[in-house]
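Asks: return a 3D structure for these sequence lines:
(one chain, ligands or ions: 1)
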Amino acid sequence: MKTTAYRRDDEGWILTTTLVVLAAAGLIAAGPTLCIAPVLILVMIGMAYFMNQSAHASLLRSAKQVTPQTNPPLYALVKDCQDRLDPGAVNVFVVPSRQLNAYTFGFSQPRAVVLYSSLLQVMDEDELKFIIGHEMGHVALGHTWWNTLLGGMAGVPVGMGAAVLLSFAFRWWNRACEYSSDRAGLLACGNPAKAITALVKLVAREADTPQEVAMVLQALDRQDDSLGNVLAETMASHPMLIKRIKAIKEYSRSAEFGNLLQQVRR
Ligand SMILES: [Zn+2]
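Replies: Residues are numbered from 1 along each chain as shown. Next comes the predicted model:
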């Protein structure tokens, strides 16, 4: 089995649909002068490249790269995730921040995984492996490349209607990717309970005891399924947390996960 076999089935067709919408939006934006479309694509690639370069430059000003010298224990976790998920060349950075967040970007190798420093205070080792593994999943599945490219679209002037359509389609794909990457995180930490507490801590960092985690989960359960939340989700880059938690539980019980986990542990 390929180590990226955890990719969700729906991710591929959602990306295809997104690209079709993208092409349609490009055509609408270009209107009758269709010859402008190749120019638009070139501008898009140029913007993406430029944004990637500037993101790297600003990262290097404030962040510390995780190496065996700068942070041996964290590097050991990174190495472990890398061995399991095989994302290719990845540099991991820690940026000082009170927020709890992580992200990835990069056009060419090595790609960058960025961890906000507060994560290191709030999460334990397994939870960190879930977070790091989730980001490496984005790299391994090619989301990072697509995101960096399509992120360049932000600077491309398209008509109002086209821009709205595009961002909806793009976020729809983003949400599909989150589910796949959660599976990567799960493979990296190997422990569904820790994957879930990591997600809970992202929204309620004080939740430490099982009782506190259960309380947060109860509160999250109540936000499920109301019309307002469903509408809000269509505009968000991430699925509702409670849906991600349910998906993690389901996947952790699947035979595919069992097989993959055995395989990556070797
Ligand atoms: Zn993600």
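Asks: three-state assignment of the residue nearest to residue 64 when sequence neighbours are not counted?
Replies: Nearest residue to residue 64, sequence neighbours excluded (Cβ to Cβ, 6 or more residues apart in numbering): residue 94, at 5.2 Å. From N, CA and C alone the C-beta is placed, and that goes for glycine too. Secondary structure, DSSP: H, G, I helix; E, B strand; the rest coil: residue 94 is strand.
Asks: beta partners of residue 94?
Replies: Beta bridges link residue 94 to residue 64, residue 115, judged by DSSP bridges.
Asks: for the ion, see how far away it is.
Replies: For residue 94, the distance to the ion equals 18 Å [Cβ to the ion, to the nearest Å].
Asks: before we move on, what about residue 2?
Replies: 20 Å.
Asks: okay, now that residue: neighbour count?
Replies: Using other Cβ atoms under 10 Å, residue 2 is surrounded by 9 other residues.
Asks: could you do residue 206 as well?
Replies: Counted with other Cβ under 10 Å, residues neighbouring residue 206 total 9.
Asks: so what's it up against?
Replies: Residue 206 makes contact with residue 212 under the criterion Cβ atoms under 8 Å, 6 or more residues apart in numbering.
Asks: what do you get for residue 242?
Replies: Residue 242 neighbours (Cβ under 8 Å, 6+ apart): 217, 220, 221, 223, 224.
Asks: how about the helix or strand containing it: buried residues?
Replies: Remark: residue 242 resides in helix 241-252, with elements defined by DSSP states H and E. For helix 241-252, the neighbour count (16 or more other Cβ atoms under 10 Å) marks 241, 242, 243, 244, 245, 247, 248, 251, 252 as buried.
Asks: same thing with stretch 5-16?
Replies: If you call a residue buried by 16+ other Cβ under 10 Å, then stretch 5-16 has these buried ones: 6, 7, 8, 11, 14, 15.
Asks: for the third one, give me its contacts.
Replies: Think residue 8. 176, 179, 180, 183.
Asks: need phi/psi at the last one.
Replies: Yep, that's residue 183 we're talking about. In terms of degrees, to the nearest 10, the main-chain angles of residue 183 are phi -60, psi -40.
Asks: for the first one, same thing?
Replies: Dihedral angles phi and psi of residue 176 (degrees, to the nearest 10) take the values phi -60, psi -40.
Asks: which parts of the stretch 51-200 of the chain sit against the ion?
Replies: Contacts of the stretch 51-200 of the chain with the ion, taken as Cβ under 5 Å from the ion, map to 178, 181.
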